[in-house]
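Chemist: below are the sequence and a predicted model; questions follow.
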Amino acid sequence: MKSQIDPDILEKWLQGWSLSREFPPPVKYRSGFKVEVGQPTQKARYVFPALTADLIKLSGTIDTPWVFLKACAPPKELMKAFPSKWILQPQGYFMTCFHPMNFRQGRLQSHYHFELKQYNSTFLITIVSDKGELASSGRVVLVDDLAVFDRISTTIDHQRKGLATQLMKELEKIALSNGITKNILVATDEGRQLYQSLGWDPYSYYSSVVIPLKD
């Protein structure tokens, strides 16, 4: 796994992430990027393609809670380089799939159905049960030649039924119908196993730190 990511790919992913969540677009900040998120527990995020000198310097100048620093580098490297006020967050991983995904035979169970919505360049697919319950949802955002997959989730009561796989299949169809075969996402430890089973490859670490609000 790499300790950095191509800055162009990172910028496209961050554009897609911002569009998916309807946040302001990223702006360049020294060797990385900044997004003004404006949420109570995430005011802003700085995202860097590697652990750069600019990022290390920035980590010493911020004292405001809920400003996240993120880098495509192993978490141990961040913690060694940053002041102790920063708290490591759950580990993420950039993953890519630059070929059609690997799907086993299977289809959506008869008591579920897909629903599709679109906003800006984001496509939202939900899986809904015949009782009207939201079972699974996910988004794909088309940014130039890249498909950014985001917010893939399945509710607890509907897990272990293959819904996430069927959801990914439908999202991929949207990318392919627009001539896009390059896919990227950020996975958690739990989600990483699913994506690898579908043919995704780990690309780089995506490590995050924050200064939480003190009691």
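Modeler: Done, it's in.

Chemist: residue nearest the centroid of the chain?
Modeler: V186 (3.5 Å; Cα atoms, centre = their mean).

Chemist: in this structure that one contacts M95, no?
Modeler: Yes - V186 lies in contact with M95 (Cβ atoms under 8 Å); the separation is 7.5 Å. All C-beta spots, glycine's among them, are computed from the backbone N, C-alpha and C.

Chemist: just the C-alphas of the helix or strand of the chain with the lowest mean pLDDT, formatted as PDB.
Modeler: When each helix and strand of the chain is scored by mean pLDDT, DSSP states H and E, helix 189-197 comes last, with a mean of 94. In PDB, the C-alpha atoms belonging to helix 189-197 read as follows (Å, rounded to 0.1, in the frame of the first residue of the first chain):
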ATOM      1  CA  ASP A 189     -11.700  -1.500   8.000                       C
ATOM      2  CA  GLU A 190     -15.100  -3.300   7.900                       C
ATOM      3  CA  GLY A 191     -16.000  -2.100   4.300                       C
ATOM      4  CA  ARG A 192     -12.500  -2.900   3.000                       C
ATOM      5  CA  GLN A 193     -13.300  -6.700   3.000                       C
ATOM      6  CA  LEU A 194     -16.400  -6.200   0.900                       C
ATOM      7  CA  TYR A 195     -14.700  -4.100  -1.700                       C
ATOM      8  CA  GLN A 196     -11.800  -6.400  -2.000                       C
ATOM      9  CA  SER A 197     -14.200  -9.300  -2.700                       C
END
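
Chemist: against G38, how distant is the residue nearest to the centre of the chain?
Modeler: Taking Cβ to Cβ, to the nearest Å as the measure, V186 falls 20 Å from G38.

Chemist: for Y205, same thing?
Modeler: Counting by Cβ to Cβ - Y205 and G38 are separated by 26 Å.

Chemist: okay, and the beta partners of F114?
Modeler: Using DSSP bridges, the bridge partners assigned to F114 are I127.

Chemist: how far away is M168 from S129?
Modeler: With Cβ to Cβ as the criterion, M168 and S129 are 19 Å apart.

Chemist: ugh, wrong one, I meant Y205
Modeler: In terms of Cβ to Cβ, Y205 sits 36 Å off from S129.

Chemist: neighbour count: the two, which is higher?
Modeler: Y205 (23 against 17; other Cβ atoms under 10 Å).

Chemist: the helix or strand hosting the more buried one: which residues count as buried?
Modeler: Taking DSSP states H and E as the definition, one finds Y205 inside strand 201-210. Neighbour counts over strand 201-210 (16 or more other Cβ atoms under 10 Å) mark 203-210 as buried.
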